[in-house]
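**Q** generate coordinates for the sequence data below:
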Amino acid sequence: MREEIMPNDIIKHKPTGETWIVAGVNHQTGELIPMGYPFPSIAKTDDCEILERRYETERQSKEVIEALNKHRLLSFIDVRSAMWHGLLRLCER
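**A** Numbering: from 1, shown residues only. This is a model prediction of the structure:
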C-alpha cells in the first residue's frame with residue numbers, strides 16, 4: 001500500500017485535526033498544499049496522515065495545475081497529471 005501522500009488524497013493534518021484534500025505535493029521538500037482558502041497554504045507532509053488514497057482514481061485536476069502554475073509553485077505539480085491533461089509545458093518552465 002502506498003505510504004506517500006499524493007494529490008487528491010484525503011489527509012488529516014495532525015496539529016489542527018483538520019481533514020484536507022491535497023492539491024499538490026513536493027516530495028523533495030516534504031511539503032504539501034491543501035485545497036481551500038487561503039490558497040496556497042503550505043504544510044509539512046510529516047504533520048499529515050493519509051485517510052483515503054484517491055490519486056490512483058483521481059489525478060491532479062487541470063484547474064489545480066493551472067492555479068499552482070499561476071503562483072509559480074511548479075514543484076507541487078504532478079508530472080503524470082500534467083501529461084494526462086496535455087499541460088507538461090507548464091512543468092518544464
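**Q** check which helix or strand residue 19 maps to.
**A** strand 18-26 (DSSP states H and E).
**Q** output the contacting helices and strands for that strand.
**A** strand 10-13, strand 31-34, helix 62-70 (3 or more C-beta pairs under 8 Å, 6 or more residues apart in numbering; DSSP states H and E). The C-beta positions use only the backbone N, C-alpha and C, and glycine is treated the same way.
**Q** swap the cut-off to 10 Å and go again
**A** Applying 3 or more C-beta pairs under 10 Å, 6 or more residues apart in numbering; DSSP states H and E, one finds that strand 18-26 makes contact with strand 10-13, strand 31-34, strand 43-44, strand 48-52, helix 62-70.
**Q** what lines up beside it in the sheet?
**A** strand 10-13 (antiparallel), strand 31-34 (antiparallel) (DSSP bridges).
**Q** what mean pLDDT would you report for that strand?
**A** Mean pLDDT, strand 18-26: 98.
**Q** what's the angle between that strand and strand 48-52?
**A** Angle of strand 18-26 versus strand 48-52, following axes from the mean of the first three to the mean of the last three C-alpha atoms, to 10 degrees, is 100 degrees.
**Q** geometric centre of this structure: which residue is closest?
**A** For the chain, residue 24 is the residue whose C-alpha lies nearest the centre (C-alpha atoms, centre = their mean; 1.5 Å).
**Q** ok, it to residue 86 distance?
**A** Using C-beta to C-beta, to the nearest Å, residue 24 is found at 18 Å from residue 86.
**Q** repeat that for residue 54.
**A** 22 Å.
**Q** right, and residue 57 touches residue 6 too?
**A** No: using C-beta atoms under 10 Å, residue 57 is not in contact with residue 6; the gap is 11.2 Å.
**Q** neighbour-wise, which of these two wins?
**A** residue 6 (23 against 7; other C-beta atoms under 10 Å).
**Q** quick one: contacts for that one?
**A** Each residue near residue 6 by C-beta atoms under 10 Å, 6 or more residues apart in numbering is listed here: 22, 24-25, 27, 32, 50, 53-56, 58-60, 78, 80-81.
**Q** one more time with 8 Å, if that's ok
**A** Listed by C-beta atoms under 8 Å, 6 or more residues apart in numbering, the contact set of residue 6 reads 22, 25, 53, 55, 78.
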